[in-house]
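**Student:** Okay, sequence plus prediction incoming.
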Amino acid sequence: ERLCYPGSLVKSGNKRRAVTEQVAELTTGRLSIYLRCLTRLEQAGVETVSSQGLAEQFHLNAAQIRKDLAYFGEFGVRGVGYVVKDLRQQLRKILGLVRRLMVAVVGAGKLGQALADYPGFGREGFEVVAMFDTDPAKVGQHSRSGIPILHSRTLRAFATRTGIDIAVLAVPGEVAQDVLDLIVAAGVRAVLNFSPGGLRVPETVKLKHVDLTVSLEGLSFFLAHGGDDGA
């Protein structure tokens, strides 16, 4: 995949990889947006759409759409545009959504249980198969939607048996690294982290952070500096 421009690369191997990963993150993020837009169009019975039509309807950038899609092949038909159903299927394939991905939530607190019970995951092909915790009061119980809560010491055996694709980390910051090490040792190669603090994983593991506090602080900045008086 051509996910970066040659001019943006530097000689250092580590920096080269960092730049490539950054551009890949931005590109795949936009592909996810395009997929949701195409899903809405397909549900509305739209059969074909141009990049300009897609951009105008969903407030996107037509040139960026064409550039992002060109990384992965030629999908449009001259004079017709994109076939909505076909392009949607191609994007699902590119994003690895052609099979159901098994997800485990590690941390059965309020946030972890809310994430495990979120119905949108199932609609997008992500199946939450288990939760893990060390609290005796929670182990052996189920979330509201029926997801079993298992002891964290069984994570490795469970992952080996079922082949967990993604782990969602939702534990307090002071234990996050230890729990993350447990996840890595279990052979899980993709982690979505909701825990605070700087965490470390081997290069073979992809760690993606969702920091709710940082997002709230960004909104706070907007409120503090977005007034008409320019304060």
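**Tutor:** Here it is on my side, so go on. All values derive from a computational prediction rather than experimental measurement.

**Student:** Show me which positions of stretch 170-188 end up buried.
**Tutor:** The neighbour-count criterion (16 or more other Cβ atoms under 10 Å) identifies 170-171, 176-177, 179-180, 182-184, 186, 188 as the buried residues of stretch 170-188. Yep, even glycine has a C-beta here, placed from its N, CA and C like the rest.

**Student:** Which of the residues in stretch 91-108 are classified as buried?
**Tutor:** By 16+ other Cβ under 10 Å, the buried positions in stretch 91-108 come out as 91-92, 94, 97, 101-108.

**Student:** List just the nearest of these to G163.
**Tutor:** M102 (6.5 Å; Cβ to Cβ).

**Student:** I'd guessed the closest one sits against I164; true?
**Tutor:** Yes: using Cβ atoms under 8 Å, M102 is in contact with I164, at 5.3 Å.

**Student:** Following the chain past the helix or strand of the chain with the lowest mean pLDDT, name the next helix or strand.
**Tutor:** The weakest-scoring helix or strand in the chain, judged by mean pLDDT, DSSP states H and E, is helix 13-43 (a mean of 77). Next in sequence after helix 13-43, counting helices and strands by DSSP states H and E, comes strand 48-49.

**Student:** Common neighbours of M102 and I164, please.
**Tutor:** Listed as contacting both M102 and I164 by Cβ atoms under 8 Å, 6 or more residues apart in numbering are V129.

**Student:** I'd like to know which elements the longest strand seen in the chain is packed against.
**Tutor:** Ranked by residue count, the top strand of the chain under DSSP state E comes out as strand 126-133. For strand 126-133, the packing partners by 3 or more Cβ pairs under 8 Å, 6 or more residues apart in numbering; DSSP states H and E come out as strand 101-106, helix 110-116, helix 120-123, strand 149-151, helix 155-162.

**Student:** Tell me the spacing between E127 and P119.
**Tutor:** Distance of E127 to P119, computed by Cβ to Cβ, to the nearest Å: 12 Å.

**Student:** next one: L169
**Tutor:** In terms of Cβ to Cβ, L169 sits 21 Å off from P119.

**Student:** Direction included, what does the longest strand of the chain pair up with?
**Tutor:** Strands adjacent to strand 126-133 in the sheet, as given by DSSP bridges, are strand 101-106 (parallel), strand 149-151 (parallel).

**Student:** So what touches that strand?
**Tutor:** Contact with strand 126-133 is made by 100-109, 112-113, 115-116, 121-122, 139, 143, 147-152, 154-155, 158, 162, 164, 166, as judged by Cβ under 8 Å, 6+ apart.

**Student:** ok, 6 Å please
**Tutor:** Outside strand 126-133, the residues that touch it by Cβ atoms under 6 Å, 6 or more residues apart in numbering are 100-106, 108, 116, 147-150, 152, 155.
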